[in-house]
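Trainee: show me the folded form of this:
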Amino acid sequence: MKAVAADNTELQDCYDLLATIHDPEIPVLSILDLGIVRDVELLRPLQDEGHIRVTITATYTGCPAMDTIALLIKMALLTKGYKKVEIATTIAPAWTTDWMSAAGKEKLKTYGIAPPDKRFEIPADGIVCPQCGSSHTRLLSEFGSTACKSLLQCNDCAEPFDYFKCH
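Mentor: Below is the predicted model:
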């Protein structure tokens, strides 16, 4: 089915609604902050039977949060009044941390997770501690609380912290 021209206000309302849906593994980030929403198509505007398609890309293949995120999107849009909600998943192009918003990266830091930093494509010593700002840190494990994060520890404040890996 081909998308029809839609009222920009309705499309903006949909994006505003998606901005309220948070990642279940990192609740400080919305799915828009993460950059996993690739497209929103109003196939039939809300006033004309309401058919919408949201295309998303997983941060990692097999990410366990994606099913929950798809369900949260569907529930939110059904509650808004859409009669038919399609969630499409695409794997190409592959998601990259470059798609994360600057605000999302700042939210990660405030939350205590070091945001992705392209200088450290492979997690290593020297990633800046989100608690005290020191770069005197060390890698404890390639994998943190989720597969998309590594576990580090600050040598100055001694706090452990997650680092959101680049890819």
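Trainee: H167 contacts T96, doesn't it?
Mentor: Yes. Here H167 lies in contact with T96, judged by CB atoms under 8 Å, at a distance of 6.2 Å. (Glycine included, C-beta is placed from N, CA and C.)
Trainee: residue nearest the centroid of the protein?
Mentor: L34 (2.4 Å; CA atoms, centre = their mean).
Trainee: so I52 touches D39, yeah?
Mentor: No. I52 is not in contact with D39 according to CB under 8 Å; the separation is 10.7 Å.
Trainee: quick check: buried residues in stretch 68-77?
Mentor: Neighbour-count burial for stretch 68-77 flags 69-70, 72-74, 76-77 (criterion: 16 or more other CB atoms under 10 Å).
Trainee: re earlier: more neighbours: which of I52 and D39?
Mentor: Per other CB atoms under 10 Å, whichever of I52 and D39 has more neighbours is I52, with 27 against 12.
Trainee: where's the more buried one, which helix or strand?
Mentor: strand 51-56 (DSSP states H and E).
Trainee: just give me how far that strand sits from the chain centre.
Mentor: 16 Å (CA atoms, centre = their mean, to the nearest Å).
Trainee: give the next helix or strand downstream of that strand.
Mentor: helix 65-80.
Trainee: show me what that following helix is packed up against.
Mentor: On a contact count with 3 or more CB pairs under 8 Å, 6 or more residues apart in numbering; DSSP states H and E, helix 65-80 meets helix 8-18, strand 51-56, strand 84-89.
Trainee: what angle do that helix and strand 84-89 make?
Mentor: Taking axes from the mean of the first three to the mean of the last three CA atoms, to 10 degrees, one finds helix 65-80 and strand 84-89 inclined to each other by 160 degrees.
Trainee: so for helix 65-80, mean pLDDT?
Mentor: Helix 65-80 comes out with an average pLDDT of 96.
Trainee: can you list contacts of that helix?
Mentor: 13-14, 17-18, 20-21, 23-25, 31, 36, 46, 52, 54, 56, 58, 85, 87, 89 (CB atoms under 8 Å, 6 or more residues apart in numbering).
Trainee: in PyMOL, how would I select the buried members of those?
Mentor: To isolate the buried subset of the contacts of helix 65-80 in PyMOL, counting by 16+ other CB under 10 Å, use the following:
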select buried, resi 14+18+21+23+25+31+36+46+52+54+56+58+85+87
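Trainee: please verify my assumption that A19 contacts S30.
Mentor: Yes. Using CB under 8 Å, A19 is in contact with S30, at 5.0 Å.
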